[in-house]
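[1] Test case, fold it:
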Amino acid sequence: MKVKTGTKGPKGSSFIIVKLSFTKGLKVIAITDHDTTNGIDEAYEAIAKYSEMTLIPGIELSVDIPGGEIHLLGYFINIYDKSFQKRIEEFRISRVNRAKSIVEKFNPKWFNFSTIDF
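    Numbering: from 1, shown residues only. You can find the predicted model right below:
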């Protein structure tokens with residue numbers, strides 16, 4: 001089963017997901033958070049308590065295509081690869097900058113908010 005840890009949420013999300021997956025009888029789970037691998041180390045630590053379970057490290061990337069966007073899933077990734085981590089950090093920065101630019105375009109016309117929360 002493909003799951004997300006909610007890495008923006010409280011620390012310990014991976015422990016909860018692993019325990020719940022085990023209690024539901026799942027033997028294999030893939031952690032695929034959006035544009036980050038931050039929840040996977042914690043998931044490895046959690047899954048070590050359940051020897052019959054397997055963790056597949058993964059990621060979900062938003063990819064722009066002509067006319068829209070798709071979400072690309074990557075499985076069995078090496079989360080310790082520094083060049084890979086650098087690239088997904090660039091992805092995150094790019095997405096934040098894109099969101100800020102959208103906010104700045106609409107802000108004067110219709111909205112009264114800032115990009116301070118980005």
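
[2] Can I get the longest strand anywhere in the chain in PDB, CA atoms only?
    For the chain, the longest strand by residue count, based on DSSP state E, is strand 54-65. What follows is strand 54-65 as a C-alpha-only set of coordinates in PDB (Å, rounded to 0.1, in the frame of the first residue of the first chain):
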ATOM      1  CA  THR A  54       8.700  -4.400   4.400                       C
ATOM      2  CA  LEU A  55       9.100  -0.700   3.700                       C
ATOM      3  CA  ILE A  56       9.600   0.500   0.200                       C
ATOM      4  CA  PRO A  57      11.100   4.000   0.100                       C
ATOM      5  CA  GLY A  58       9.500   6.300  -2.400                       C
ATOM      6  CA  ILE A  59       8.600   9.800  -3.500                       C
ATOM      7  CA  GLU A  60       5.800  11.600  -5.300                       C
ATOM      8  CA  LEU A  61       6.800  14.300  -7.600                       C
ATOM      9  CA  SER A  62       4.600  16.900  -9.400                       C
ATOM     10  CA  VAL A  63       5.600  17.100 -13.000                       C
ATOM     11  CA  ASP A  64       4.400  19.800 -15.400                       C
ATOM     12  CA  ILE A  65       3.300  18.600 -18.700                       C
END
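
[3] So which elements touch the following helix or strand past that strand?
    Along the chain past strand 54-65, the next helix or strand (assigned with DSSP states H and E) turns out to be strand 68-75. Packing partners of strand 68-75 (3 or more C-beta pairs under 8 Å, 6 or more residues apart in numbering; DSSP states H and E): strand 54-65. Where C-beta positions appear, they are placed from N, C-alpha and C, glycine not excepted.

[4] Pull out the buried residues from the strand it packs on.
    If you call a residue buried by 16 or more other C-beta atoms under 10 Å, then strand 54-65 has these buried ones: 55-60.
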